[in-house]
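Enquirer: With the input below, show me the fold.
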Amino acid sequence: MKTLISFELRKLFSRRLTQAALLAVLLLSILFTSSTYRNMYAFDGKSRDGSGREAVEIDRSIAEKYAGILTDEKVQQMMSDFAPESSLDLHGMNAAYLYHNATQSAAFRRFSDLNGRWNGLTVSDVFGDEVIRIGYINGWLETSQNMTVIFLVLSLVIITMIAPVFSGEYSGVDQILLTTRYGRTRCAAAKVLAGILAALSVTAVVSATQFFPALLLYGSDGLRCSILFAPAGFLDGFIPFNLTCGTLFAYQILLIFTGAVSVSGITFLVSAASKSPMTALAVSAAAYLLPALLPVSETSSLFRYLTLLPVYHVQFVSLMSIEQISGGILYALWAVPVSLTFLGIGSLASSRIYAKHQVK
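Expert: Here you go, the predicted model:
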């Protein structure tokens, strides 16, 4: 079986289209990381401002000043330190949307009135009983947003890689010879196992190209901080629960892998039922993307089930935003058994379809 799996893996990664697609998604990952870092901006409210590395250093130094548990005293200090100068004309703009640096933006979005003064709210008024640990999380949240795009593209790359697994063998004689030697069941199983290993390995590699550069560029301190005390751009429509950045990334990476597993199962089935790799590619991509285009409101009860489909795993915010189930466990964890179901059905059905074809 090891020989068969190794043979199938070589075939998967030797295809020119697969190689080009993998190279493209790796370059996209590097481009997003570089572009996000270079476009960072921060101003300390006094005399120092900058972009790129300078901005991250400014943001991190400001965050360190207030790091730890958010208290009413820290809120008062922030609102005093970041209060707009009397000569600053906001031209009617709500000061909550004023951006100088990540910490100031987070404080103003929660505790500022229209003019940038304290709005009278306390930490408990805003966050209830939640304990909010603050620090520099802006770079990590930007990386998280980048990952939703990168891994949506990666899912299509996985489809491109797996689509020919069965459909690409129907017009050749190699598999007939292998089937004669090893048997239909073992050949089909080797294809499925090779496809799963390929999907998981490229997902792991691309995950590493996002996580480890972020760790290098933004440091590890922010992974222990709450995502709720975030700059203005991350509040509306973002995850409403009190999670640390580290926990957020753990869930996101888990959902990235469940998405890869789910889309593999779908593609196995379509590949076995298709007569050509291009047909398998087109149908699998359509089946994957179509749920995101359906006109289902987030307030609909159907939306809870729709988010368990693989395209929502990689987008993850909608799935993570659904209320917690018993014991404080996030609803998003249902993605694990759902993905295994997709994989199980796809693997078994595709193996049977392929085995029956080899008998003809």
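
Enquirer: my read: His313 touches Ile253, true?
Expert: No: His313 is beyond contact range of Ile253, at 10.9 Å (criterion: C-beta atoms under 8 Å). Any C-beta I mention is one placed from the backbone N, CA and C, and that applies to glycine too.

Enquirer: ok, these two, which is more surrounded?
Expert: More neighbours surround His313 than the other of His313 and Ile253, with 29 against 18 (other C-beta atoms under 10 Å).

Enquirer: Strands along this protein, start to end?
Expert: 41-43, 49-51, 68-69, 133-134 (DSSP state E).

Enquirer: wait, which of those is closest to Pro84?
Expert: strand 41-43 (12.0 Å; C-beta to C-beta).

Enquirer: Report all helices and strands that the closest one contacts.
Expert: strand 49-51, helix 53-66 (3 or more C-beta pairs under 8 Å, 6 or more residues apart in numbering; DSSP states H and E).

Enquirer: so what strands line up beside it?
Expert: strand 49-51 (antiparallel) (DSSP bridges).

Enquirer: most packed of the helices and strands packed on strand 41-43?
Expert: Across those, averaging neighbours per residue (mean count of other C-beta atoms under 10 Å) puts helix 53-66 on top, at a mean of 19.

Enquirer: Which elements pack onto it?
Expert: strand 41-43, strand 49-51, helix 72-81, helix 102-111, helix 138-162, helix 184-218.

Enquirer: mind giving me the domain split of this structure?
Expert: Structurally, the chain divides into domains by automatic domain parsing as follows: 2-36+137-355, 41-134.

Enquirer: average pLDDT across the longest one?
Expert: So that's domain 2-36+137-355. Domain 2-36+137-355 carries an average pLDDT of 87.

Enquirer: Same question for the shortest one.
Expert: Taken as a whole, domain 41-134 carries a mean pLDDT of 89.

Enquirer: Span of that domain from start to end?
Expert: Taking C-alpha to C-alpha, to the nearest Å, domain 41-134 runs 19 Å from one end to the other.

Enquirer: how much distance is there from stretch 197-214 to the middle of the chain?
Expert: Centroid separation for stretch 197-214 versus its chain: 11 Å, with C-alpha atoms, centre = their mean, to the nearest Å.

Enquirer: buried set for that stretch?
Expert: 198-199, 202-203, 206-207, 209-211, 213-214 (16 or more other C-beta atoms under 10 Å).

Enquirer: swap in stretch 278-295?
Expert: 280-281, 283-285, 287-288.

Enquirer: How about residues contacting it?
Expert: 155-156, 159-160, 162-164, 166-167, 263, 266-267, 270-271, 274, 306, 309-312, 315 (C-beta atoms under 8 Å, 6 or more residues apart in numbering).

Enquirer: Output the strands of the chain as JSON lines; include the columns distance to Met78.
Expert: As requested, the strands of the chain are exported to JSON lines (distance: least, C-beta to C-beta, whole Å):
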{"stretch": "strand 41-43", "distance to Met78": "15"}
{"stretch": "strand 49-51", "distance to Met78": "18"}
{"stretch": "strand 68-69", "distance to Met78": "13"}
{"stretch": "strand 133-134", "distance to Met78": "10"}
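
Enquirer: looking at those strands, which is closest to Ser226?
Expert: For Ser226, the closest of the strands of the chain is strand 133-134, at 5.4 Å, according to C-beta to C-beta.

Enquirer: What is the closest one packed up against?
Expert: strand 68-69.

Enquirer: strands paired with the strand it packs on, and their directions?
Expert: Sheet pairing for strand 68-69, assigned by DSSP bridges, gives strand 133-134 (antiparallel).
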